[in-house]
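[1] Please find the sequence and the predicted model below.
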Amino acid sequence: MILILDSGGISALAGQRARLTELRRRGLWPAQVPAVALTEALTGDHRRDFHTNRLLRACQIRDIGEPLARAAAQLRTATGRAGTISAADAIVAAYADTCPEPVVLTSDPADLTALASHAQRRITVART
């Protein structure tokens, strides 16, 4: 299984050593983080972002190119809720669709579940 974090997943795990230890024990670490999730998870203030940046150093940050952005647009449109589902969530779902046995950790399971229902592979969505 591959653990993927959206911004809510990042925020939920920042500063949570016990949860990280459990994820490592279960073989779900290091987590994958599509770079777009950093936009929502960080403030740009190194003092406020301290725990988040420490967590991110232990993650694998993944760049997002045009093919993945196009796949995200297709998923977002397929939900029929393109106006209310964030592009960042759509990119996270599209990235998950490229991974074997993806598990997305999120604080917004409704939108990610809607996106995942249109993916080619089964994406497990877990609430933070």
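    Looks like it came in fine. Residues are numbered from 1 along each chain as shown.
[2] what comes up buried for stretch 18-29?
    Neighbour counts over stretch 18-29 (16 or more other Cβ atoms under 10 Å) mark Leu20, Leu23, Trp29 as buried. The way it works is simple: take the backbone N, C-alpha and C, and place the C-beta from them, glycine included.
[3] Output the contacting helices and strands for whichever helix in the chain runs longest.
    Looking across the chain with DSSP state H, the single longest helix is helix 66-78. The contact analysis (3 or more Cβ pairs under 8 Å, 6 or more residues apart in numbering; DSSP states H and E) places helix 66-78 against helix 87-96.
[4] Output the helix it packs on as PDB - backbone C-alpha positions only.
    Only the C-alpha atoms of helix 87-96 are listed here, as PDB (Å, rounded to 0.1, in the frame of the first residue of the first chain):
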ATOM      1  CA  ALA A  87      -8.200  21.300  -8.000                       C
ATOM      2  CA  ALA A  88      -5.700  20.300  -5.300                       C
ATOM      3  CA  ASP A  89      -8.000  17.400  -4.200                       C
ATOM      4  CA  ALA A  90      -8.400  16.400  -7.900                       C
ATOM      5  CA  ILE A  91      -4.700  16.300  -8.300                       C
ATOM      6  CA  VAL A  92      -4.200  14.200  -5.200                       C
ATOM      7  CA  ALA A  93      -6.800  11.700  -6.500                       C
ATOM      8  CA  ALA A  94      -5.200  11.600  -9.900                       C
ATOM      9  CA  TYR A  95      -1.800  11.000  -8.400                       C
ATOM     10  CA  ALA A  96      -3.400   8.200  -6.200                       C
END
